[in-house]
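[1] what follows is a predicted structure for the sequence shown.
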Amino acid sequence: ISLNNNQKIIAKNRNYNAGSIGWFGGKVLDAYDLYLVEDASGNLILFVFMKLQFIFKSSKDLEWSDFEKESFVSMFEKSVINKWGNKKLVKTLESGKKVFLQFEFESKIGGFSISEHWEIHVKKIEKGGFHRSYVSPLSGRVQLDSEDLRMTNKSGGGRQRGAVHEFGHMLGLPDEYLTDSPHVHDIHSIMNSGENVKNRHQHDYMKWLNKILDKKEIN
């Protein structure tokens with residue numbers, strides 16, 4: 001993670017198992033890393049950190065240029081960070097000190113790696129086209145397409161970018177548009193058909209945060 005000279009790590013978990021969409025409804029293993037950082041003012045930043053490997057797949061007559069690859073990675077990072085947590089205030093302590101949430105990525109294009117949290121395959125498709133996107137927690141693989149950063153109208157009535165929804169699965173969150181979900185009617189939820197991030201979507205890393213705050217008697 002990116003720290004300046006006035007910040008220090010006070011707790012970390014570099015193998016965090018999250019959510020409930022893994023094998024047989026278990027945890028997503030090593031979904032991300034967590035760091036709790038204190039700055040000079042005493043305020044805290046909860047970093048959710050992922051190492052990502054992007055693998056771009058061309059299809060017939062549709063080739064990725066190097067510029068397009070780099071642009072997709074940059075837009076993916078910006079879109080996800082701005083939606084899920086860009087120095088977002090998530091807690092105010094009794095002392096008045098604040099806790100902010102920050103997502104951060106270390107991304108690479110192609111190559112070979114066994115240390116990434118997620119391997120993201122991105123298929124080049126025609127503009128306005130569709131290709132099924134999904135997250136496979138067991139293998140650590142994500143399938144996206146070149147249209148997944150474009151806002152689209154969903155059948156449930158909301159508007160959503162596929163990539164920011166699939167990122168929720170990378171955090172271990174289940175789909176909420178399914179009929180057996182208690183949130184099936186919350187169409188504007190990011191795990192349903194919209195892009196609203198709700199408190200329930202932050203449960204896992206907030207649980208870790210509160211545990212650390214209690215353990216270190218930070219209040």
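    Arrived safely, thanks for sending. Not measured: the values here are computed from a predicted model.
[2] which SS state does the residue nearest to the spatial centre of the chain fall under?
    Compute the mean C-alpha point of the chain, and by C-alpha atoms, centre = their mean the closest residue is Phe167, 4.2 Å away. Following DSSP: H, G, I helix; E, B strand; the rest coil, Phe167 is assigned to helix.
[3] what's the nearest residue to it if we skip its chain neighbours?
    Excluding the flanking residues, the one nearest Phe167 by C-beta to C-beta, 6 or more residues apart in numbering is Val80, at 5.0 Å. C-betas here are computed from N, CA, C, even on glycine.
[4] enumerate every residue touching the one you found.
    If you count contacts by C-beta atoms under 8 Å, 6 or more residues apart in numbering, Val80 has them with 103, 105, 163-164, 167.
[5] buried residues in whatever helix or strand it lives in, which are they?
    Assigned by DSSP states H and E, Val80 belongs to helix 66-84. For helix 66-84, the buried set under the neighbour-count rule, 16 or more other C-beta atoms under 10 Å, comprises 69, 72-73, 76-77, 79-81, 83-84.
[6] what of stretch 27-43?
    Those would be 27-38, 43, for stretch 27-43 by 16+ other C-beta under 10 Å.
[7] after the helix holding Val80, which helix or strand is next?
    The C-terminal neighbour of helix 66-84 among helices and strands, as given by DSSP H and E, is strand 86-92.
[8] quick one: strands adjacent to that following strand?
    Looking at strand 86-92 with DSSP bridges, its partner strands are strand 98-109 (antiparallel).
[9] restricting to C-alpha, output the partner strand in PDB.
    The C-alpha trace of strand 98-109 is given here as PDB (Å, rounded to 0.1, in the frame of the first residue of the first chain):
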ATOM      1  CA  LYS A  98     -12.200   9.200  12.200                       C
ATOM      2  CA  VAL A  99     -11.700   6.000  10.300                       C
ATOM      3  CA  PHE A 100     -11.600   6.200   6.500                       C
ATOM      4  CA  LEU A 101     -11.900   3.400   3.900                       C
ATOM      5  CA  GLN A 102      -9.500   3.200   1.000                       C
ATOM      6  CA  PHE A 103      -9.300   0.600  -1.800                       C
ATOM      7  CA  GLU A 104      -5.900   0.100  -3.400                       C
ATOM      8  CA  PHE A 105      -4.600  -2.200  -6.200                       C
ATOM      9  CA  GLU A 106      -1.400  -3.400  -7.500                       C
ATOM     10  CA  SER A 107      -2.100  -4.400 -11.100                       C
ATOM     11  CA  LYS A 108      -0.100  -6.000 -13.900                       C
ATOM     12  CA  ILE A 109      -1.000  -6.900 -17.500                       C
END
